[in-house]
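Chemist: would you be able to build a 3D model of this:
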Amino acid sequence: MSIQGQLLEVRVTGCRKLRDTEFFTRQDPYVRIEYGSNKFSTRTCTDGGRNPTFDEKFHIPLIEGLRELNIFVWNSNTLTHDDLIGNGRVQLHKVLTCGYDDSSWPIQTRRMRSAGEVALVMHFDVSAVNKMGKTAAMLTTHSVPPGPAPMPTLASPMLYTASSHSYAPPAGYPTVAPYQAYPNPYPASAYPHPPPQQVREHTVYPPPTTYPPQPYGEPYPPQPLHGQTYPPQSYGQPYPPPTGQPTYPPAPYPGTYPPAPY
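Modeler: Okay, here's the model as predicted:
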């Protein structure tokens, strides 16, 4: 069940066996309750000492998920800051389940020593929460409209056929004639067919050539001029030299080469 926004009644009756923070006079205690961001304080019990009495009632709006109270007991001072007598935590499981809790909750000092106890009487209307939970469950069960029928898909053509013929058209509406195909505004011979493509003969690329290539306008090899031999002779004397002429280069000394041994 949800406790969000429900009211918890807390009555602070008094404290017992509180730690005494005064040496020469009686202390003036008061109780502060903190729950979430809400804070509630009792009046100051002047000269209350170790067993003050308050008997004050508070109505605390509950928060879902937060099921404990923080209690602080302070000693009120006139000229200096208030002294913390002790603090503790109050669990709300019993009062939220049974609707009633009358217990005394211990408090401790900052050094985790016993500082007395605070008596609280708490009430909670459990029947109202249960009634609200049943009403919400009934609304959730009966007020949800049924979902739309599943749409036919390509994978199940029989479902579409059966659903389309299971209901007859109402008698008050005339039947609709079936759709007719629109006439083709363009004649079939308006655009002639493209001419067939011509098949080209297969040619070899690049074209074959003769080797060696012929020069443009002249025979190959070139013809010698009139009165000349090919290849042309060297300047001064024919090649090779005729027989009987001295060899080149000339010998340094006359005679045979190499010279005959002695």
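Chemist: any regions of this structure where pLDDT drops low?
Modeler: 1, 131-260, 262 (pLDDT under 70).
Chemist: try 90
Modeler: 1-5, 22-25, 78-80, 126-262 (pLDDT under 90).
Chemist: contacts only, for Asp101.
Modeler: Residues near Asp101 by CB atoms under 8 Å, 6 or more residues apart in numbering: Leu92, Lys94, Val95, Leu120, Val121, Met122. Every C-beta, even on glycine, is put in place using the N, C-alpha and C of the backbone.
Chemist: excluding covalently adjacent residues, which one is nearest to Asp101?
Modeler: The shortest distance from Asp101 to any non-neighbouring residue, by CB to CB, 6 or more residues apart in numbering, is to Val95 (3.9 Å).
Chemist: go on, Trp74?
Modeler: Using CB to CB, 6+ apart, the nearest residue to Trp74 is Asp82, at 4.5 Å.
Chemist: for the nearest residue to Asn51 once chain neighbours are set aside, name its beta-bridge partners.
Modeler: Spatial nearest neighbour of Asn51, chain neighbours left out: Arg16 (5.4 Å); criterion: CB to CB, 6+ apart. Beta-bridge pairing of Arg16 under DSSP bridges involves Glu117.
Chemist: quickly note the distance from Arg16 to Pro29.
Modeler: Look at Arg16 and Pro29: by CB to CB, to the nearest Å, they are 11 Å apart.
Chemist: which one's more surrounded, these two?
Modeler: A count of neighbours by other CB atoms under 10 Å puts Pro29 above the other of Arg16 and Pro29, at 31 against 14.
Chemist: so what does that one have for phi and psi?
Modeler: When read as degrees, to the nearest 10, the backbone of Pro29 gives phi -80, psi 160.
Chemist: equivalent analysis for Ser104, please.
Modeler: phi -110, psi 130.
Chemist: test my guess that it contacts Arg16.
Modeler: Yes - under the criterion of CB atoms under 8 Å, Ser104 makes contact with Arg16 at 7.1 Å.
Chemist: what's the overlap in contacts for these two?
Modeler: Glu117, Ala119.
Chemist: quick one, what contacts Arg43?
Modeler: With contact taken as CB under 8 Å, 6+ apart, Arg43 is in contact with Tyr30, Phe54, Glu56.
Chemist: can you tell me how far the second one sits from Val121?
Modeler: Yep, that's Phe54 we're talking about. To Val121, Phe54 is 11 Å away according to CB to CB.
Chemist: comparing those two, which residue is more hemmed in?
Modeler: The neighbour comparison of Phe54 against Val121 (other CB under 10 Å) goes to Phe54, with 20 against 16.
Chemist: given the helix or strand hosting Phe54, what are its sheet partners and their directions?
Modeler: Assigned by DSSP states H and E, Phe54 belongs to strand 53-61. Applying DSSP bridges, strand 53-61 is found paired with strand 7-16 (antiparallel).
Chemist: in the partner strand, which residues are buried?
Modeler: Buried positions in strand 7-16, judged by neighbour count with 16 or more other CB atoms under 10 Å: Leu8, Val10, Val12, Thr13, Gly14, Cys15.
Chemist: which other residues reach that strand?
Modeler: The contact list for strand 7-16 (CB under 8 Å, 6+ apart) reads 29, 31, 33, 40, 42, 48, 50-62, 69, 73, 92, 95, 104, 116-125.
Chemist: for ChimeraX, write a command that selects the buried ones of those.
Modeler: The following ChimeraX line selects those of these that are buried, judged by 16+ other CB under 10 Å:
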select :29,31,33,40,42,48,52,54,56,58,60,62,69,73,92,95,116,117,118,119,120,121,122,123,124
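Chemist: coming back round to it: kindly export the helix or strand following the strand holding Phe54 (C-alpha atoms) in PDB.
Modeler: Per DSSP H and E, the first helix or strand lying C-terminal to strand 53-61 is strand 68-75. Output of strand 68-75 as PDB, limited to C-alpha atoms (Å, rounded to 0.1, in the frame of the first residue of the first chain):
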ATOM      1  CA  GLU A  68      11.300   6.600  10.400                       C
ATOM      2  CA  LEU A  69      11.300   9.700  12.500                       C
ATOM      3  CA  ASN A  70      14.300  11.500  14.000                       C
ATOM      4  CA  ILE A  71      13.800  12.900  17.600                       C
ATOM      5  CA  PHE A  72      16.000  15.400  19.400                       C
ATOM      6  CA  VAL A  73      15.800  16.500  23.000                       C
ATOM      7  CA  TRP A  74      17.400  19.900  23.700                       C
ATOM      8  CA  ASN A  75      18.000  22.000  26.900                       C
END
